[in-house]
Every structure is written in C-alpha cells, then in structure tokens.
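Novice: The following block contains a protein sequence and its predicted model.
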Amino acid sequence: MPKARKPAAPRSLLVLKHQQRFLSAFKLVGTIQGACRAIKMSREQVYHWRHTDPAFSALFDECKLAVIDLLEDSTLHDALGKWDEEELAFVKGDPILKMFLLKALDPKKYRENIKLEHAGSVTLMDLCVDDPDAPKAVPKK
C-alpha cells in the first residue's frame, strides 16, 4: 500500500521562493538533477516537497508537461528538417526521430503489430522439454 501523504503545513515565503527558483530552473533544464545543480539545491529536497506538498507537486507536474511540450516541438523540428541560413540549403530531418514521433502520435497505425495465436493447451512440463535438468513428467494412470 502506498505511503499516505502527510497533511501540508503552511509554506513559508522562503520555501515558496526556493520552490519557484527550482521550478524556473526545471523548465529551462528539463531534469530534476540539472535544475538542482543549476541552483545548488539537493534533489532530496525536491523529492521531499513532491511527497509532502500537494501544491508544489501540482506545479511540478505542470512544469513537467511544459518540458515535454518543448521537447516534442524541438524533436518534431529536428525530425522534419530545416532551412540552414549559413549553408543556404535544406538540412534533412532525422528518419529515426520521424519513426518514433509517428509511433507516439498515432500508435494504432504505426506500432509494431504482432499477432500470436495458440490452439490447445500447454503445461509447465511442456515448456521444460529442452531443459535436461527439468523434472520428468509422470504419466497419469
């Protein structure tokens, strides 16, 4: 059973300031570790806030969605390619990124489909046939 969250205590202005600094850094950097390193804060403090402060946890989740949106936008631009002003040429996109984006955006159409059918029954003993150390099946009488 998951550990229940403690009731949130009133947050001090100093704590709110630290939380806001972290969230701002997180939006720019995209990882907890990177944001903590940038503002010289321990990751444990952030995990503590996420566990004990529902308001901070909700704000963190919003920032995480914003980071995901930025990453998706950037990845989409990288996948499609772009015009290079210095080279005066179109730079081709990344086909692997295209594949992953298509799978993420339309999984019903682009996922890998495997259809496995089996008729009959299988016992545990049937699965151990190739193992010489597997116990031998005792025939039923």
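Specialist: Looks like it arrived, so ask away.
Novice: When you work out contacts or count neighbours from here on, use the C-alpha atoms and nothing else.
Specialist: Noted.
Novice: which stretches of the chain aren't confidently modelled?
Specialist: Along the chain, segments meeting pLDDT under 70 span 1-10, 124-141.
Novice: List the residues that contact residue 29.
Specialist: residue 35 (CA atoms under 8 Å, 6 or more residues apart in numbering).
Novice: Ok, residue 35 next?
Specialist: Each residue near residue 35 by CA under 8 Å, 6+ apart is listed here: 22, 23, 25, 26, 28, 29.
Novice: which ones among those are found in strands?
Specialist: Counting by DSSP state E, no part of the contacts of residue 35 is found in strands.
Novice: Give me the buried entries from those.
Specialist: Buried members of the contacts of residue 35, scored by 16 or more other CA atoms under 10 Å, are 22, 23, 25, 26, 29.
Novice: Output those residues in JSON lines, with distance to residue 96 appended to each entry.
Specialist: Output for those, formatted as JSON lines (distance: CA to CA, whole Å):
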{"residue": "22", "distance to residue 96": "33"}
{"residue": "23", "distance to residue 96": "31"}
{"residue": "25", "distance to residue 96": "30"}
{"residue": "26", "distance to residue 96": "27"}
{"residue": "29", "distance to residue 96": "24"}
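Novice: any chance you could map the helices in this structure?
Specialist: 13-29, 32-39, 43-52, 54-80, 95-105, 107-110, 124-127 (DSSP state H).
Novice: Could you export those helices as CSV, including distance to residue 116?
Specialist: Output for the helices of the chain, formatted as CSV (distance: least, CA to CA, whole Å):
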stretch, distance to residue 116
helix 13-29, 43
helix 32-39, 41
helix 43-52, 42
helix 54-80, 33
helix 95-105, 21
helix 107-110, 17
helix 124-127, 17
